[in-house]
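1. Here is my input, please return the structure:
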Amino acid sequence: MRIDILRKNILEAGADAALVTSEANVRYYSGFTGTGSQLLITPEKKLFFTDFRYTEHAQAETDFTVIETKSDERVKTIFEYARKEGIRRIGVDLESVPYCVFKQYLEQTDEDSIIDVSAQIFSQRCVKDEGEIELIARGAALNDEIFTHLCGVLKPGVSETDIKAEIIYYMLKRGADPAFDPIVASGRNSSLPHAVPSGRKAQAGDLVTMDYGSRFSGYCSDFTRTVALSHIDKEMQTVYDIVKRAGEAAFEALKGGAKARDVDAAARDMIAEAGYAEAFGHGLGHGVGLFIHEAPTLNHSSDEALKEGMIVTIEPGIYLKGRFGVRIEELWVVTKGGFKNLTSAPRELIII
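-> Now for the predicted structure:
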């Protein structure tokens with residue numbers, strides 16, 4: 001089915017065949033879990049190009065015809081096969097092609113014969129099938145489980161790097177991989193949206209933001225919660241409540257056919273009305289899949305329409321420079337009738 005859709009899309013783009021190069025796209029269309037390989041998909045054939053290290057691996061995991069080549073002869077060999085198949089114009093996911101490799105393409109064909117089909121591939125990938133949704137939901141469930149565990153581990157004196165290690169260890173013990181390097185930010189570090197965990201030890205009165213995602217079979221999930229240690233002041237509670245309500249406003253706008261920018265605006269307007277417009281400087285959310293960040297993008301300028309099967313994050317935040325920050329993130333599936341939340345961890349502020 002995925003291959004059929006790709007063939008249709010590339011023909012509409014004016015290409016005769018697709019050269020798929022990125023690891024994620026190769027996995028999406030072939031099921032191959034290794035690296036260093038490319039696909040040539042023609043109207044009639046599915047060819048898999050790899051080297052000695054992965055020949056047996058590819059034969060076991062895919063139904064493609066596997067062609068073993070040396071890495072330094074790969075591009076030449078691919079284009080030779082394309083010419084044998086009568087391919088004149090080839091669609092390539094150019095967003096993942098380094099310039100040095102692109103120059104090798106130009107040694108084999110002219111630039112007008114290469115069509116960028118990155119947008120067509122990403123558009124296809126952003127709508128998930130049942131199997132993809134199941135894998136991402138599995139990651140979301142583990143994220144909830146990890147959060148419950150962390151609430152029992154986090155206390156004054158525990159460092160950010162200790163919590164990061166706990167997150168990764170818990171994932172690995174349960175058969176998952178980290179979808180990205182976990183973020184753990186305590187105290188004033190929580191004002192940094194993408195803080196790098198440090199040796200700073202959490203203190204009573206801190207807000208602690210934890211952002212991480214579990215990955216199963218290549219599919220990413222995403223999760224963020226901010227908790228408090230021992231006690232917090234009135235402003236921290238106020239900011240937390242605003243972020244929580246902003247997320248809820250976005251949930252109400254999240255449905256099939258809605259514009260991504262309108263969902264963003266629902267949360268952004270609430271934060272702005274509360275006087276914190278300048279403290280929410282990133283987009284509201286993004287799609288997840290084989291990449292942790294993929295289409296659609298939910299921000300003020302995104303004209304994308306949300307479609308059934310898309311999985312997106314909703315993650316409003318407020319960051320007061322040098323003081324503290326709050327972010328709450330859920331993972332949602334757009335359904336025919338609305339949406340479904342894959343995240344079940346409490347949204348109310350937890351004071352540990």
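
2. What does the pLDDT read for the nearest residue to M310 once chain neighbours are set aside?
-> Distances taken as C-beta to C-beta, 6 or more residues apart in numbering put V334 closest to M310, at 4.6 Å, once the chain neighbours are dropped. Yep, even glycine has a C-beta here, placed from its N, CA and C like the rest. Taken from the predicted model, the pLDDT recorded for V334 is 92.

3. residues touching V334, list them.
-> Neighbouring residues of V334 by C-beta atoms under 8 Å, 6 or more residues apart in numbering: L254, K255, G256, L306, K307, E308, G309, M310, I311, V312.

4. now, which of those sits nearest R188?
-> When the contacts of V334 are ranked by distance to R188 (C-beta to C-beta), V312 comes first, at 30.0 Å.

5. ok, back up a step: quick check on the contacts of V334: which are buried?
-> Buried members of those, scored by 16 or more other C-beta atoms under 10 Å, are L254, K255, G256, L306, E308, G309, M310, I311, V312.

6. Could you export the residues you listed as JSON lines, including secondary structure?
-> Conversion of the buried ones among the contacts of V334 to JSON lines gives the following (DSSP: H, G, I helix; E, B strand; the rest coil):
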{"residue": "L254", "secondary structure": "coil"}
{"residue": "K255", "secondary structure": "coil"}
{"residue": "G256", "secondary structure": "coil"}
{"residue": "L306", "secondary structure": "coil"}
{"residue": "E308", "secondary structure": "coil"}
{"residue": "G309", "secondary structure": "coil"}
{"residue": "M310", "secondary structure": "coil"}
{"residue": "I311", "secondary structure": "strand"}
{"residue": "V312", "secondary structure": "strand"}
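
7. Let me know the closest of those to S221.
-> Each of those was checked against S221 using C-beta to C-beta; the closest is I311, at 8.7 Å.

8. Go through the chain and flag its longest helix.
-> When the chain is parsed with DSSP state H, its longest helix is helix 130-153.

9. Contacts made by the very next helix or strand once past that helix with the rest, please.
-> Toward the C-terminus, helix 130-153 is succeeded by helix 160-173 as the next helix or strand (DSSP states H and E). The contact list for helix 160-173, computed with C-beta under 8 Å, 6+ apart, reads 142, 145-146, 149-150, 153-154, 177-178, 182, 184-186, 189, 197-200, 202, 208, 210, 212, 214.

10. now with 7 Å?
-> Counting contacts by C-beta atoms under 7 Å, 6 or more residues apart in numbering, the residues outside helix 160-173 that touch it are 142, 146, 149-150, 153-154, 177-178, 182, 184-186, 197-200, 210, 212, 214.

11. With stretch 125-141 instead?
-> 28, 176, 213-217, 219-221, 223, 287-289, 294-296, 307, 309-311, 331, 333, 342-343.

12. what do you get for stretch 10-28?
-> Surrounding stretch 10-28, the residues in contact under the criterion C-beta under 7 Å, 6+ apart are 2, 6, 29, 32-33, 35, 37-42, 78, 82, 85, 87-93, 96-97, 115, 117, 120-121, 125, 218, 290-291.

13. any idea how far T209 lies from E278?
-> 19 Å (C-beta to C-beta, to the nearest Å).

14. okay, those two: which has more neighbours?
-> T209 (27 against 12; other C-beta atoms under 10 Å).

15. what number of residues lie near D63?
-> Neighbour count for D63, taken as other C-beta under 10 Å: 11.

16. Can you tell me the closest non-neighbouring residue to it?
-> Nearest non-adjacent residue to D63, counting by C-beta to C-beta, 6+ apart: K46, 7.2 Å away.

17. Need the pLDDT of the one you found.
-> The score at K46 is 98. That number is its pLDDT.

18. what sits against L320?
-> For L320, the contacting residues are S191, A279, by C-beta under 7 Å, 6+ apart.

19. tell me the secondary structure for I318?
-> Three states are possible here, and by three-state DSSP the one that applies to I318 is strand.

20. Am I right that it is in contact with F280?
-> Yes: under the contact definition of C-beta atoms under 7 Å, I318 touches F280, with a separation of 5.8 Å.

21. overlap in contacts of the two?
-> Among the neighbours of I318, those also in contact with F280 (C-beta under 7 Å, 6+ apart) are I271.

22. All good on my end, thank you.
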